[in-house]
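Novice: Just the structure for this:
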Amino acid sequence: MNSRLVVTFTTLIVFLIAALAVPLGFAYASHRTNRLLLDRRADATRFAELADQAAREDDRTGLIAEITRYAELYGAAVRVRDRDGSVLATAGRFQADDRDAVRLALAGRTTEDLPTISPFGPARVLLAEPAGRDAQLSGVVLLEAPADQARLDVSLVWGALALGALVALGYSALAARRLARWILRPVTELDRTTQAIAQGRLDARAHPGVGPSELRRLEERFNAMADAVSGAMERQRAFVADASHELRTPLTVLGLRLENLEPHLRAEGTPEFEEALAELDRLTLLVADLLALAKVEAGAGAGGKA
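Specialist: Take a look at the predicted model:
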C-alpha cells in the first residue's frame, strides 16, 4: 500500500513538473529564436540599405567591404543578388539553398520566422531582406548566420530546467514517501495491535495521535471495541470460575447424601444408584475442568498484561 501511494504521488508530481518545465523550455527556445531573428534582421536591413545605395550609385566597393568584414567577424555568409537573381556581391561560405528565400524576398516579403532553436539544431539560419525603397526593389540580401550561441543559451536553460526538475522530483518523492507513511501510520498501528491481540496480549491497544483524523477515529473505536471484548471475556471467565467454585460444594454434599442412601436401597435399585454416582462423578470432573480452565485463562490474561 505504501509503495502504491508513493508511486501514485510521484507520478502526479512528474506530470506536474513536466507540465511546468516543458512549456517553459519551449517558450525560452522560441524567445531566443525571435531574438536571433531580430538581431540578424537588423544586420540584413543595414546591408539591404547599403545594397540599394550601391545599386543607385553603381559602386559596390563599400558594400563588399562591409559584408566581408561582417562575415569574418561573425562567421556568417552574406550574398547580394539583383532583381534577376544574379550575384552582385558575396562573402563567406553559403551552406543552405537560398532559392525559396530569394523568391519570397523578390516578392517584397522579409523573413518573418526561423526554425525554433534547440540544442540539436539548426546550426545555421537563413534570412532574406528585400533591397530598395517602396515598391522599387533593386535586389535581395541573403544572410546565413551561425546559431551556435543561441543553441548554447537554449542548452544552458534547458539543462537548468532539467536539473531543477530532477531536484524538485527528488524532494517531491521524499515528501511523497513521508506523506504516505503519515497516512498509513494508523493502519500500521492497527495491524501491529491486532497481531498482538491474536498472540494473546489482550491488553494491547493502538496509540492514536499520528495520521489523518478519520483513521485516528478508527483507532479510537478499535480500542473501544477491544476494551469491550476484553471486558466481556473477563466477565465470562469470572462467571465460569465462580460457577465452578460454587458448584463444588453442592456436588460434594450430593455425593455424601447418595452414599448415605446406599444401605437403604433394595437390590433392584443398585444399578440405578451406581449410574447416579457415575453421573455425579462425571459432573464433578466437568466442574473441576471448568475451574482449571478458568484459572489457566486468568493466568494467561495476567501474563498478557505483564
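
Novice: Tell me where the stretch 51-200 of the chain has helices.
Specialist: With DSSP state H, counting those that start in this stretch, the ranges of helices along the stretch 51-200 of the chain come out as 61-74, 99-106, 148-198.

Novice: you'd agree residue 176 is up against residue 6?
Specialist: Yes: counting by CB atoms under 8 Å, residue 6 is a contact partner of residue 176 at 5.2 Å. Quick note: C-beta positions are derived from backbone N, CA and C, even for glycine.

Novice: Please report how far residue 69 lies from residue 154.
Specialist: Going from residue 69 to residue 154 by CB to CB, to the nearest Å gives 28 Å.

Novice: and these two? which has more neighbours close in?
Specialist: residue 154 (24 against 11; other CB atoms under 10 Å).

Novice: Next up, the contacts around the more buried one.
Specialist: 28, 29, 32, 117, 118, 119 (CB atoms under 8 Å, 6 or more residues apart in numbering).

Novice: Make a ChimeraX selection of the buried ones in those.
Specialist: Buried subset of these, written as a ChimeraX selection, criterion 16 or more other CB atoms under 10 Å:
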select :28,29,32,117,118
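
Novice: Columns distance to residue 199 on top of the contacts of residue 154, output as CSV?
Specialist: Formatted as CSV, those follow (distance: CB to CB, whole Å):
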residue, distance to residue 199
28, 62
29, 63
32, 67
117, 68
118, 63
119, 62
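
Novice: could the contacts of residue 154 go into a markdown table alongside distance to residue 281 and pLDDT?
Specialist: Conversion of the contacts of residue 154 to a markdown table gives the following (distance: CB to CB, whole Å; pLDDT from 0 to 100):
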| residue | distance to residue 281 | pLDDT |
| --- | --- | --- |
| 28 | 98 | 95 |
| 29 | 99 | 95 |
| 32 | 104 | 94 |
| 117 | 104 | 93 |
| 118 | 99 | 93 |
| 119 | 98 | 91 |
